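>>> Build me a model:
(one chain, ligands or ions: 2)
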Amino acid sequence: MEGDICDPDRAAYPRIFPPREAGESDHQPFERCVNFPVSVVLPAAGTGERTGLQTPKQFCSFLGRPLISYTIQAFERVSWIQSIVVVVLKENMALMTDIIQRFQHRKVRVVPGGSTRHRSICSGVLALGELEGEESHAAVQPKVVIIHDAVRPFVEADFLYKIAMAAKEQGAAGAIRPLVSTVIATTSEGYLDHSLDRAKYRASEMPQGFTYDVIYQAYQRCTESDFDFGTECLHLALQYCGVSAKLIEGPPTLWKVTYKRDLAAAESIIKETLSRSACVVTGASAQAVTLAGTLQKAARTWDMELNVIPDLKGDNGSYLLTEWNFILVSGSLPCLSEVEAILTDFKAANRAPLHPFVIVWVHLSSSDELSISRTMAEQVAIMDLASAAKLQNIFLYGIQIHQSKIPLEVYMRALGSLCGNLTSLHRKKPRNHSPSQ
Ligand SMILES: Nc1ccn([C@@H]2O[C@H](COP(=O)(O)OP(=O)(O)OP(=O)(O)O)[C@@H](O)[C@H]2O)c(=O)n1
Ligand SMILES: O=C(CO)[C@H](O)[C@H](O)COP(=O)(O)O
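Numbers count the residues shown, from 1 in each chain. Ligands and ions are numbered 1, 2, ... in the order given. Sure, this is the predicted structure:
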């Protein structure tokens, strides 16, 4: 078995994981790793005719960020993926390069695509073969290539792991979903010819994985007609390399943005996801730890997941890659420096500003006079900090709680409504959109 848990034992992804095993802590993020080189090809050279929009769907923006960037990020977060090739139309090379710079994507390069999806994927696969000579310091020729449509932004690390492992073992692997409608064949006059037994058929989705040799050979051997009219890479592997792909049922979120309404559905999913979790940073204060623990229990009833950590150092820094909402709880001593430190950690994480981050600073203050005058000075300072943070797409809010006057349950209620309100910044009113599949 060449898959493994990443080192350090459980490092990176709090919400992208296989189900927790018995005895595993609620707050222990972990990621399964493969120990062979894996690269990704993202075909993004289509024109998106079916959306009816001028802009190809992969370049349509949600919350100021193009769809392709969300998809890249889903792969970039996976530590065991060594490189990503994005294939775009020649005329969009500059646009794509700009997106990569603007959203600070790493491990990515852009190559020109072709007139059909197969031609574009083939360009990406060939480009991976060239990596070795050109950028040997950065990547070696992959053992496994994962192919994923750029317009399927919701792929998770655990599913990629399954595809990569199955591709390595079998030569090819692909995602499938149950059919939602029966498939029928029509006569040329538009009458029913026959229908297929739905129980026997599946929809082929993405991602798909191949050993490099299989996908390379499949494209070397296939015909011009395959390049022009084919829609299925797994079929090429079977027909030209004799490799029968392992099929793995994937989650419904693998659906492909195809029509205009899918863009709206994708946007809703992104906003909904952002709203549902937050990371509570407690610092060293015992009061803060107690408050965070109580808050965490209460959050379950608000359908929100709260991870509680002491700081964002070391392994905890990985939360900066996965969370959008941070609640910084501090004790009764003035601690503006903690807020400054968290802002510095954000900068150091160099994370692409996908959406505004929300940081809520909760300060437990005592009600003596000295504390009150300090508090006023802090209010001015925090407003200055918040103005500066806003320029980096970070919304910083402060809340002070005079703890001697108010019982803990009241803090909880105040914090609960604050979290609810602030995280809704990511979320517009739910719309009635459903994906096209
Ligand atoms: N010549 C092409 C055609 C498609 N694709 C990519 O293949 C993926 C899936 O294809 P599809 O949904 O059909 O996208 P479009 O071809 O853009 O859409 P349409 O068929 O509506 O024009 C998309 O990421 C698309 O950009 C590609 O890289 N090169
Ligand atoms: O489902 C797929 C793999 O089998 C592909 O994503 C699909 O073929 C590409 O989209 P389209 O056929 O709409 O161009």
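
>>> could you point out where this structure is predicted with low confidence?
1-31, 131-139, 321-322, 332-335, 350-355, 366-375, 403-437 (pLDDT under 70).

>>> And the helices in it?
67-76, 93-102, 117-134, 157-170, 212-221, 224-229, 233-241, 260-275, 286-301, 319-322, 336-349, 369-390, 408-423 (DSSP state H).

>>> Deepest in the core, which of the ones you listed is it.
Comparing the helices of the chain by mean neighbour count (mean count of other C-beta atoms under 10 Å), helix 67-76 comes out on top with a mean of 24. No exception for glycine: its C-beta is placed from N, CA and C like everyone else's.

>>> Between the helices of the chain, which one is closest to ligand 2.
Nearest of these to ligand 2, taken as C-beta to the nearest ligand atom: helix 117-134 at 5.4 Å.

>>> Return the residues of the protein in contact with ligand 2.
Contact residues, the chain versus ligand 2 (C-beta under 6 Å from any ligand atom): 117, 149, 204, 205, 206, 231, 232, 256.

>>> how does the protein divide into domains?
3-258, 271-426 (automatic domain parsing).

>>> The longest one near ligand 1 anywhere?
Yes. With C-beta under 6 Å from any ligand atom as the threshold, domain 3-258 lies in contact with ligand 1, specifically through 43-50, 56, 58, 87, 113-117, 120, 149-151, 256, 258.

>>> Quick one, which of those are buried?
Buried by 16 or more other C-beta atoms under 10 Å: 43-46, 48, 56, 58, 87, 113-114, 116-117, 120, 149-151, 256, 258, out of the residues of domain 3-258 next to ligand 1.

>>> circling back: export the helices of the chain to CSV and tack on distance to residue 248?
Shown next, in CSV, are those (distance: least, C-beta to C-beta, whole Å):
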stretch, distance to residue 248
helix 67-76, 17
helix 93-102, 30
helix 117-134, 20
helix 157-170, 5
helix 212-221, 17
helix 224-229, 24
helix 233-241, 12
helix 260-275, 22
helix 286-301, 31
helix 319-322, 24
helix 336-349, 32
helix 369-390, 43
helix 408-423, 33
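
>>> now for stretch 125-142, what's the gap between its first and last residues?
Stretch 125-142 has an end-to-end distance of 10 Å (C-alpha to C-alpha, to the nearest Å).

>>> on that earlier part again, right, and the domains of the chain - which one's nearest residue 265?
domain 3-258 (8.1 Å; C-beta to C-beta).

>>> Contacts for stretch 246-256, please.
Residues outside stretch 246-256 that contact it (C-beta atoms under 8 Å, 6 or more residues apart in numbering): 149, 151-152, 154-156, 159, 162-163, 166-167, 169-170, 172-178, 202, 205-207, 262, 269, 435-437.

>>> Start and end of it, how far apart?
Taking C-alpha to C-alpha as the measure, stretch 246-256 stretches 21 Å from start to finish.

>>> Run through the residues that contact the closest residue to ligand 1 within the chain.
Proximity of the chain to ligand 1 (C-beta to the nearest ligand atom) peaks at residue 46, 2.0 Å away. By C-beta under 8 Å, 6+ apart, the contact set of residue 46 is 56, 57, 58, 117, 120, 151.

>>> Max pairwise distance over these: which two?
Largest pairwise distance in the contacts of residue 46, by C-beta to C-beta, is 14.7 Å, between 57 and 120.

>>> Just give the nearest non-adjacent residue to residue 203, would you?
Ranked by C-beta to C-beta, 6 or more residues apart in numbering and with sequence neighbours excluded, the top spatial neighbour of residue 203 is residue 177, at 4.7 Å.

>>> Please tell me I have it right and the one you found contacts residue 206.
No. Contact criterion C-beta atoms under 8 Å: residue 177 and residue 206 do not qualify, at 10.6 Å.
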